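Engineer: Give me a 3D structure for the following:
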Amino acid sequence: MSERKPILVTGGAGYIGSHVVHDLCDLGYEVVILDNFSLGRHENVDERARLIEGDLMSEHDLELAFKDQPEIVFHFAAYKAAGESMVQPQKYAYNNICGTLRLLNMMVDHKVNKFVFSSSAAVYGAPRYLPIDEEHPKNPENYYGYTKLAIEQNLAWYSQIKGLNFAALRYFNATGYDINGRIKGKEKNPANLSPIIMETASGIRQSMQVFGDDYDTEDGTCIRDYIHVNDLSSAHLAAMDYIRKNKENLVINLGTGKGHTVLQMIEAARRVTGREIPYQITDRREGDPPELVASSALAHQKLNWMASHSDLDSIFKTMKEVYLNPVKR
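Structural biologist: Next up, the predicted model:
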């Protein structure tokens, strides 16, 4: 594929971005990573990629990233802790919104017109019906979700005005680690359930909290749709091919269509790891709906994509390799 232009991946040392970079390199693409390592890890960088340690807010770093005129941009460089976004909205406005707009403007300047965006189910807010499809009303309940929605809206305008072709992929709950064992660096400062479970299993945490056990669900704890990171990566590659081939925009959910409770997740991790996972039941968190499950019918229709690694055993077996069997460095 040497005749092809390189692919730029912002946040390519981060949790999801690093998996996508490895898959792109496996397919023979030339990949350029732009990452400031606020959340990324050097040990997760594919040595076949060219690394620019830099920031979206630096004109110099962006010019370096666009020096070789990338064909397409994958954008993962964002803060993603919903709770933090309600305390520090300025941090999320600066990085997520302003950083993305600077990236889009650089694309316009360099006549790069293909963009795959890491969006989120947080754009929907509390579900009015289940499973949530792409037509569900967008009413984010935290500032993080708002930043993703604002970026999607800007993408639509840049498409209309500047001819940008984009795919916005709305993740539900990303989890797991590389099924091929290529990525071993733990996610930094995780705020989502499965890494917290594994931090407890591995002794990093003494115990964990379960927020409420009085919901109208099978065991009283919240239900969420968990999708393995390798399934997410395959969807990104399929979305890249789609916008290349069809030259039309794509906005899709990425989930499994099946939910699991918090206690089911803890029990699956206990079964796979053989470790005790102490927890305490605490009060509900404000804004936590009882159930969030995706419809990914459109992703199947448009991309012929379905999750294939997102069963709980696969999720926790791959996480066990990172948290309980780390590589000696």
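
Engineer: Tell me where the stretch 101-250 of the chain has helices.
Structural biologist: Using DSSP state H, counting those that start in this stretch, the helices of the stretch 101-250 of the chain run over residues 143-162, 193-201, 229-246.

Engineer: So which elements touch the last one?
Structural biologist: Going back to what we said before, that points to helix 229-246. In terms of contacts (3 or more CB pairs under 8 Å, 6 or more residues apart in numbering; DSSP states H and E), helix 229-246 is packed against helix 15-26, strand 72-75, strand 114-120, strand 165-171, strand 173-175, strand 250-254, helix 297-303. To be clear about C-beta, it is placed using only N, CA and C from the backbone, and glycine gets the same treatment.

Engineer: most tightly surrounded among the helices of the stretch 101-250 of the chain?
Structural biologist: Counting by mean count of other CB atoms under 10 Å, helix 193-201 has the highest mean neighbour count of the helices of the stretch 101-250 of the chain, with a mean of 23.

Engineer: What is that helix packed up against?
Structural biologist: By 3+ CB pairs under 8 Å, 6+ apart, helix 193-201 packs against strand 173-175, strand 208-211, helix 262-273, helix 312-323.

Engineer: Only the buried residues of the second one, if you could.
Structural biologist: By that I understand strand 208-211. M208, V210, F211 (16 or more other CB atoms under 10 Å).

Engineer: just to revisit the earlier point, now the helices and strands packed on helix 193-201 as TSV including mean pLDDT?
Structural biologist: Shown next, in TSV, are the helices and strands packed on helix 193-201 (pLDDT from 0 to 100):
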stretch	mean pLDDT
strand 173-175	96
strand 208-211	97
helix 262-273	98
helix 312-323	97
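
Engineer: Mind checking these for the one nearest to A77?
Structural biologist: With CB to CB as the criterion, A77 lies closest to strand 173-175 of those, at 15.4 Å.

Engineer: List the pairing partners of that closest one within its sheet, with orientation.
Structural biologist: strand 226-228 (parallel) (DSSP bridges).

Engineer: Contacts made by the helix or strand L64 falls within with the rest, please.
Structural biologist: Using DSSP states H and E, L64 sits in helix 59-65. Applying CB atoms under 8 Å, 6 or more residues apart in numbering, the external contacts of helix 59-65 come out as L8, T10, V32, L34, I52, G54, D55, L56, R102, L103, M106.

Engineer: Farthest-apart pair in those, please.
Structural biologist: V32 and R102 (16.7 Å).

Engineer: More neighbours: the two, which one.
Structural biologist: V32 (22 against 16; other CB atoms under 10 Å).

Engineer: Save the buried residues of strand 208-211 as JSON lines, and put in distance to H110 too.
Structural biologist: Converted to JSON lines, the buried residues of strand 208-211 look like this (distance: CB to CB, whole Å):
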{"residue": "M208", "distance to H110": "46"}
{"residue": "V210", "distance to H110": "48"}
{"residue": "F211", "distance to H110": "45"}
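
Engineer: between those residues, which is nearest S118?
Structural biologist: Nearest to S118 among the buried residues of strand 208-211 is F211, at 25.5 Å by CB to CB.

Engineer: least trustworthy helix or strand in this structure by mean pLDDT?
Structural biologist: Lowest mean confidence among the helices and strands of the chain (mean pLDDT, DSSP states H and E): helix 82-85, at a mean of 92.

Engineer: Counting by contacts, list what that one packs against.
Structural biologist: For helix 82-85, the packing partners by 3+ CB pairs under 8 Å, 6+ apart are helix 89-92, helix 143-162.

Engineer: now the contacts of helix 59-65 in a markdown table, with pLDDT, secondary structure and distance to K67?
Structural biologist: Shown next, in a markdown table, are these (pLDDT from 0 to 100; DSSP: H, G, I helix; E, B strand; the rest coil; distance: CB to CB, whole Å):
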| residue | pLDDT | secondary structure | distance to K67 |
| --- | --- | --- | --- |
| L8 | 98 | strand | 10 |
| T10 | 98 | strand | 15 |
| V32 | 98 | strand | 9 |
| L34 | 98 | strand | 11 |
| I52 | 98 | strand | 9 |
| G54 | 98 | coil | 12 |
| D55 | 97 | coil | 16 |
| L56 | 97 | coil | 16 |
| R102 | 98 | helix | 16 |
| L103 | 98 | helix | 15 |
| M106 | 98 | helix | 11 |
